[in-house]
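Asker: quick one: sequence and predicted model below, then my questions.
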Amino acid sequence: MVDKKNRLRTELFITGIIDDNVSNKFIEETQDIIDEFTSYKMETSYIKEIMQQKFPMITVTINSPGGNIYDGNLIISRIKEMQELGIPLIANGITCMSMAFIIYIAFNKRTADKLFAGMNHSSRSHYMGYREEVRSDLDHSDYMDDLYDKMIREQTNIPEEQIEASRLKCIYYGYEEAIELGIINYGYEGCEPDWDELDEKFNQATALAVQTFAQLMDMEEDELAITLLHTGLSEILGLNDEDEDEEGDEEMEDKKECKCGGNCECDGNCECHKEDKEDDEDEEDEVENKVDEVEDESPKTLGEILSKYEDDEDNE
């Protein structure tokens, strides 16, 4: 049986003239990734998000002078499908011209080599036939150009005058200009960090640390979590038990009312008031005893756990 994880490709290539061979190959390779991602989502659906192993980033390197818009549209459609599923994608641009430029723009995250060369222009027609057929073909080209221009406006900061000028001539972009215009928007020097991605990395590192430390201390992860609550790390690790806090608040708010209904003039010195006070004191003692029992059952700090672990090593 073949292990899918061992053959999962995390780097794909779109190279050469974009035609049916390139698009069919891309669809075939990405289908394996979609199948693997579907299995990953099913397997992790019952695991807490902080404990989940992250699905690997898929890098698509593009080095193409362009090609057929219909095969390019098929590739773009698959890219959009993968992004909607939540598969992490990033485009690495080298030469991205014509249809390859539009494919590159379709990615939400776009990095590039310093030799990056981008170029945009309107679609071209080589149709030969009757005049009405040629007009129909040109109308369709205008329709496709409108769709591509809309994508460029949404995904970059290219000024409108450049977008309009690309209908009449080829507009070229180098590495520095591509960064300035938001064509390249990820992974370059001085790029604004992706805080969501950093947060995910931190959560996963924390989860791995908790798992490793629990194994080291020969403790269950839940038991370790209770211990960490006493160390001040609970807020960082997201281990606060809000339900327990709410239950504790409810117990504190549950107080007895005076049996006389508060209408007597005893200033709190009548028998019913004294009985209520004694009952409250008994309940407070009972709560304190329970807290002491819980604290006695588990160490309060990581230092105590570590010292206990060191003592065990010395005994061995």
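Answerer: Structure received. Keep in mind that what you see is a predicted model, and the values were worked out from it rather than measured.

Asker: so what does Thr59 look like in phi/psi?
Answerer: Note on Thr59: backbone dihedrals following degrees, to the nearest 10 are phi -100, psi 130.

Asker: for the closest residue to it other than its chain neighbours, the count of nearby residues, please.
Answerer: Nearest non-adjacent residue to Thr59, counting by Cβ to Cβ, 6 or more residues apart in numbering: Glu11, 4.8 Å away. For every residue, glycine as well, the C-beta is placed using N, CA and C. Glu11 has 11 neighbours, counted by other Cβ atoms under 10 Å.

Asker: just checking, Glu11 touches Thr61?
Answerer: Yes: with contact defined as Cβ atoms under 8 Å, Glu11 counts as touching Thr61 (6.8 Å).

Asker: any stretches of the chain with poor pLDDT?
Answerer: Residues of the chain meeting the criterion pLDDT under 70: 1-7, 46-52, 125-127, 193-208, 210-211, 214-316.

Asker: how about the helices in it?
Answerer: 4-7, 20-44, 69-85, 99-106, 131-155, 160-165, 175-180, 195-216, 221-228, 234-237, 242-253, 271-297, 302-315 (DSSP state H).

Asker: helices and strands around the second one, which ones?
Answerer: Helix 20-44 sits against helix 4-7, strand 11-15, helix 69-85, with contacts defined as 3 or more Cβ pairs under 8 Å, 6 or more residues apart in numbering; DSSP states H and E.

Asker: in this structure Arg78 contacts Ile33, no?
Answerer: No: using Cβ under 8 Å, Arg78 makes no contact with Ile33, being 10.0 Å away.

Asker: find the nearest non-adjacent residue to Pro65, please.
Answerer: In space, Pro65 is closest to Met97, 5.0 Å off (Cβ to Cβ, 6+ apart).

Asker: what about the one you found, neighbour count?
Answerer: Met97 - counted by other Cβ under 10 Å - has 22 other residues nearby.

Asker: how about Ala91?
Answerer: Neighbour tally, Ala91, other Cβ under 10 Å: 24.

Asker: now Asn157
Answerer: Neighbours of Asn157 (other Cβ under 10 Å): 11.

Asker: same thing with Val134?
Answerer: Here the number of neighbours of Val134 (other Cβ under 10 Å) works out to 13.

Asker: can you tell me how far it is from Ala165?
Answerer: 24 Å (Cβ to Cβ, to the nearest Å).

Asker: list the contacts of the closest residue to Ile33 other than its chain neighbours.
Answerer: Closest residue in space to Ile33, ignoring its immediate chain neighbours: Ile58 at 6.0 Å, by Cβ to Cβ, 6+ apart. Contacts for Ile58 (Cβ atoms under 8 Å, 6 or more residues apart in numbering) come out as 10-12, 33, 82, 87-90.

Asker: Val60 now?
Answerer: Contacts of Val60 by Cβ under 8 Å, 6+ apart are 11-14, 79, 89-92, 107.

Asker: which of the residues you listed sits closest to Asp146?
Answerer: The shortest gap between Asp146 and any of the contacts of Val60 belongs to Ile79, at 19.7 Å (Cβ to Cβ).

Asker: pretty sure that closest one sits against Phe107.
Answerer: Yes: using Cβ under 8 Å, Ile79 is in contact with Phe107, at 6.4 Å.

Asker: overlap in contacts, those two.
Answerer: Common neighbours of Ile79 and Phe107 (Cβ under 8 Å, 6+ apart) are 60, 89.

Asker: count of neighbours near Glu29?
Answerer: 15.

Asker: my bad, Ile76
Answerer: Ile76 is flanked by 21 other residues according to other Cβ under 10 Å.

Asker: from His121, how far off is it?
Answerer: 17 Å.

Asker: return the residues in contact with Met128.
Answerer: Met128 sits in contact with Val134, where contact means Cβ under 8 Å, 6+ apart.

Asker: please tell me how far it sits from Val134.
Answerer: Distance from Met128 to Val134, by Cβ to Cβ: 8 Å.

Asker: repeat that for Cys191.
Answerer: 46 Å.

Asker: with only the CA atoms kept, save stretch 150-166 in PDB.
Answerer: Extracted C-alpha coordinates of stretch 150-166, given in PDB (Å, rounded to 0.1, in the frame of the first residue of the first chain):
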ATOM      1  CA  LYS A 150     -11.300  43.100 -12.300                       C
ATOM      2  CA  MET A 151      -9.000  40.400 -10.800                       C
ATOM      3  CA  ILE A 152      -6.000  42.700 -11.200                       C
ATOM      4  CA  ARG A 153      -7.800  45.500  -9.400                       C
ATOM      5  CA  GLU A 154      -8.800  43.300  -6.500                       C
ATOM      6  CA  GLN A 155      -5.500  41.600  -6.000                       C
ATOM      7  CA  THR A 156      -2.900  44.400  -6.700                       C
ATOM      8  CA  ASN A 157      -2.300  48.100  -6.400                       C
ATOM      9  CA  ILE A 158      -1.700  48.600 -10.200                       C
ATOM     10  CA  PRO A 159      -3.100  52.100 -11.100                       C
ATOM     11  CA  GLU A 160      -6.100  52.200 -13.400                       C
ATOM     12  CA  GLU A 161      -4.100  54.000 -16.100                       C
ATOM     13  CA  GLN A 162      -1.700  51.100 -16.400                       C
ATOM     14  CA  ILE A 163      -4.600  48.600 -16.500                       C
ATOM     15  CA  GLU A 164      -6.200  50.600 -19.400                       C
ATOM     16  CA  ALA A 165      -2.800  50.900 -21.200                       C
ATOM     17  CA  SER A 166      -2.400  47.200 -21.100                       C
END
